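**Student:** Fold the stuff below for me.
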Amino acid sequence: MTRNYVLFFMLVLTIPVFLGINVWQSNKCGIIKNEIRKLEKVQEQYIKENKATANEIAGLLTVDRLEAEARKMGFQKMVPEDVILIIMGGKEHDR
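**Tutor:** Numbers count the residues shown, from 1 in each chain. I've put the predicted structure just below:
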């Protein structure tokens, strides 16, 4: 008979412990979900910034813009008359 009382007493004590653990776990899950939402917002911001930077780079690498920057620096387009072809003699060319 006392054995039954001991088992009943143990059961009565474990139920609040398990309920407390369940509440703690639910709270922890809520905290983690909030952190995930915050990190997803940060990730979205980084993706937007990355796209904007990629678009800016694409704009800076256009041929027209590069030619304009080269002209500002004093460079000119090469014309075929300005090209000099130099042929170096080697063993095959000495024969």
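**Student:** what is the mean pLDDT for stretch 68-84?
**Tutor:** The average of the pLDDT scores along stretch 68-84 is 89.
**Student:** tell me the SS of residue 74?
**Tutor:** Following DSSP: H, G, I helix; E, B strand; the rest coil, we place residue 74 in the coil state.
**Student:** Just give the number of residues close to it.
**Tutor:** Residue 74 is flanked by 6 other residues according to other Cβ atoms under 10 Å. Every C-beta, even on glycine, is put in place using the N, C-alpha and C of the backbone.
**Student:** For residue 68, see how far away it is.
**Tutor:** Using Cβ to Cβ, to the nearest Å, residue 74 is found at 13 Å from residue 68.
**Student:** Equivalent analysis for residue 47, please.
**Tutor:** 31 Å.
**Student:** on that earlier part again, intersection of neighbour lists for residue 74 and residue 68?
**Tutor:** Residues touching both residue 74 and residue 68 (Cβ atoms under 8 Å, 6 or more residues apart in numbering): there are none.
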